[in-house]
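>>> Any chance you can model this:
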Amino acid sequence: LAAVPEIAQRMASIEKALEGTGRLLVRYSGTEPKLRIMLEGESSGCNGMESGDVKDRLFEYFAAEFFNRMDERTKSVLLKTSLLSEFDAPTAERIAGVREAGQVLSGLHKGNFFTERRLTGRPTYQYHPLFREFLREELEKSYGPEGLSRLRIRAACVLDELGNSGEAAELLLLASEWGA
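Just a heads-up that it's a prediction; the model follows:
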């Protein structure tokens, strides 16, 4: 209960930062708040705010409240799998090079950390589009153009082996654009 004032203060600051751009839905599980952001309104902005301002504030929120507090293994899984539109745990393990990627993804999903799990035969995961965009920007900052190109080629090879030649081709095209 000692953390309740801190949580309330953080929630107020987040709501103020997002004022007019959307609303926060808060679900409580025990003493830990679970946050979901639902943007409402036009993509061109709400209440005089430009959509870029909204995105910047959301990205700051993602960084401060989630990403920067995660361990390196989790960050690696998030960053590398953000290259994919959706993926299962074995694919995430191969792309990220983290044996426990499935456990990481399951934990992110259970914690409502902008990770959706779909049960289509074998469970697949995908990130909230804004969170994925944030992760891709972080990936680019972390790995630079050459490293990002190598990761895209590696991911494309894995996807091609798994029969997903469409997404593999997209990644190879992106990799060649960076190399040009």
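
>>> Would you indicate which residues of the longest helix anywhere in the chain are buried?
Assignment by DSSP state H gives helix 129-161 as the longest helix of the chain. Neighbour counts over helix 129-161 (16 or more other Cβ atoms under 10 Å) mark 130-135, 138-139, 143, 148-149, 151-156, 158-160 as buried. Quick note: C-beta positions are derived from backbone N, CA and C, even for glycine.

>>> hmm, who's touching stretch 163-172?
L83, L84, S85, R152, I153, A155, A156, C157, L159, D160 (Cβ atoms under 8 Å, 6 or more residues apart in numbering).

>>> Let's see the pLDDT reported for the fourth one.
Confidence per residue is given as pLDDT, and for R152 that number is 96.

>>> which residues touch it?
Applying Cβ under 8 Å, 6+ apart, the residues near R152 are L83, L171, L172, L174, A175, W178.

>>> And the nearest residue to it once chain neighbours are set aside, how close does it get to S106?
Closest residue in space to R152, ignoring its immediate chain neighbours: A175 at 3.9 Å, by Cβ to Cβ, 6 or more residues apart in numbering. To S106, A175 is 29 Å away according to Cβ to Cβ, to the nearest Å.

>>> would the residue nearest to R152 count as being in a helix?
Yes. Judged by DSSP: H, G, I helix; E, B strand; the rest coil, A175 forms part of a helix.

>>> quick one: contacts for it?
So A175 contacts L148, S149, R150, R152, I153, A156 (Cβ under 8 Å, 6+ apart).

>>> roughly how far apart are the nearest residue to the fifth one once chain neighbours are set aside and A168?
By that I understand I153. Ranked by Cβ to Cβ, 6+ apart and with sequence neighbours excluded, the top spatial neighbour of I153 is A175, at 5.0 Å. Separation of A175 from A168 (Cβ to Cβ) stands at 10 Å.
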